[in-house]
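Model the structure of this input:
(one chain, ligands or ions: 2)
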Amino acid sequence: MANNPLQRRGVLFVLSSPSGAGKTTISRMILASDDGIGLSVSATTRPMRPGEVDGRDYHFVSNEAFEALVAEGEFLEWAHVFGHRYGTLRREVVKQIEAGRDVLLDIDWQGTQQLKQVDPDIVRVFILPPSMEELERRLRSRATDSAEVVASRMARASVEISHWAEYDYVLINDDAEHCRKLVHTILKAERLKASRRVFLHDFVRGLIG
Ligand SMILES: Nc1ncnc2c1ncn2[C@@H]1O[C@H](COP(=O)(O)OP(=O)(O)OP(=O)(O)O)[C@@H](O)[C@H]1O
Ligand SMILES: Nc1nc2c(ncn2[C@@H]2O[C@H](COP(=O)(O)O)[C@@H](O)[C@H]2O)c(=O)[nH]1
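Ligands and ions are numbered 1, 2, ... in the order given. As a prediction, this is how the structure comes out:
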């Protein structure tokens, strides 16, 4: 039987933004509307927020456990973010790819830079807030972090945003549903890229010799 010309490599789809701009919100909307993509659940040493679930939102681990995972080479990338450590587990990405799904990664600019070295084919999307005032309002309205944590995240926001030009796509999350549509459009177009088609060369050779 001929190889399927539509068969393609999975997409590693990265969403980054300053904290509070809405990437978790947009990620959840994408995951709810598209069965073809699954979340890479990161490991972190940060404390769990109210409403978060271990294994769904993050794998919450101790500093010692995180260090052991680093030593064992279990991370595709990891970084210090806001005084805690966060990392993408190899097995999370492999699990999704083996299930035939693309992989959504909600990671910061440091992790994105590292991942780009591992896989130059990753798709990088940066989400901007409509304004710094709105960013602060969102961080406060989320009501999951103390005033100090909100202040420290606002203090880091400009540094985060300064990395926007390292991304393939940059969007403004004004209306969440509109932003979701744009992110989904990017994902669907990236899936169609010729360079991801494993057997396209064979198929075209069959067509024209
Ligand atoms: N377009 C939007 N309009 C209004 N509020 C929004 C919008 N998008 C997200 N929010 C709200 O802003 C808050 C922060 O969003 P979210 O948690 O998704 O941000 P985040 O970028 O994932 O932050 P972090 O990096 O800290 O995880 C949430 O309360 C969310 O409901
Ligand atoms: N480099 C990585 N950054 C990550 C990862 N998982 C999450 N993050 C980023 O951390 C901040 C803070 O997240 P929060 O849940 O504490 O608000 C945010 O920018 C995330 O994108 C990861 O595996 N690697």
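
hey, where'd the helices end up in this protein?
Counting by DSSP state H, the chain has these helices, from start to end: 23-33, 63-71, 90-98, 109-118, 132-142, 147-161, 176-191, 200-208.

how about the nearest residue to the residue of the chain found nearest ligand 2, chain neighbours excluded?
The nearest approach of the chain to ligand 2 comes at Gly111, 2.4 Å away (CB to the nearest ligand atom). Using the backbone N, CA and C atoms, a C-beta is placed for each residue, glycine as well. Distance criterion CB to CB, 6 or more residues apart in numbering; nearest residue to Gly111, sequence neighbours excluded, is Glu77 at 4.4 Å.

Could you double-check that that neighbour sits in contact with Tyr86?
No: applying CB atoms under 8 Å, one finds Glu77 not in contact with Tyr86, separated by 9.2 Å.

can you list residues touching both of those two?
Ile107, Gly111 (CB atoms under 8 Å, 6 or more residues apart in numbering).

Next, the contact list for Asp34, please.
His184, Leu187.

give the contact list for the closest residue to Gly22 other than its chain neighbours.
Distances taken as CB to CB, 6+ apart put Asn173 closest to Gly22, at 4.3 Å, once the chain neighbours are dropped. Listed by CB under 8 Å, 6+ apart, the contact set of Asn173 reads Ser17, Ala21, Gly22, Thr25, Ile26, Ile127, Leu128, Pro129, Pro130, Cys179.

Now do the most centrally placed residue in the chain against Gln117, distance only.
Among the residues of the chain, the one closest to the centroid is Leu105, at 2.2 Å (CA atoms, centre = their mean). Leu105 sits 14 Å away from Gln117, going by CB to CB, to the nearest Å.

Same question for Ala189.
24 Å.

How about Leu12?
Using CB to CB, one obtains 13 Å as the distance from Leu12 to Gln117.

So those two - more neighbours on which side?
Using other CB atoms under 10 Å as the criterion, Leu12 and Gln117 rank with Leu12 on top: 24 against 10.

Please list all residues in contact with the more buried one.
Counting by CB under 8 Å, 6+ apart, Leu12 touches Val93, Asp102, Val103, Leu105, Leu115, Asp119, Asp121, Ile122, Val123.

With adjacent residues omitted, what lies nearest to it?
Leu12's closest residue in space is Ile122 (CB to CB, 6+ apart), at 4.4 Å.

can you tell me which residues contact the one you found?
For Ile122, the contacting residues are Leu12, Phe13, Val14, Thr112, Leu115, Lys116, by CB under 8 Å, 6+ apart.
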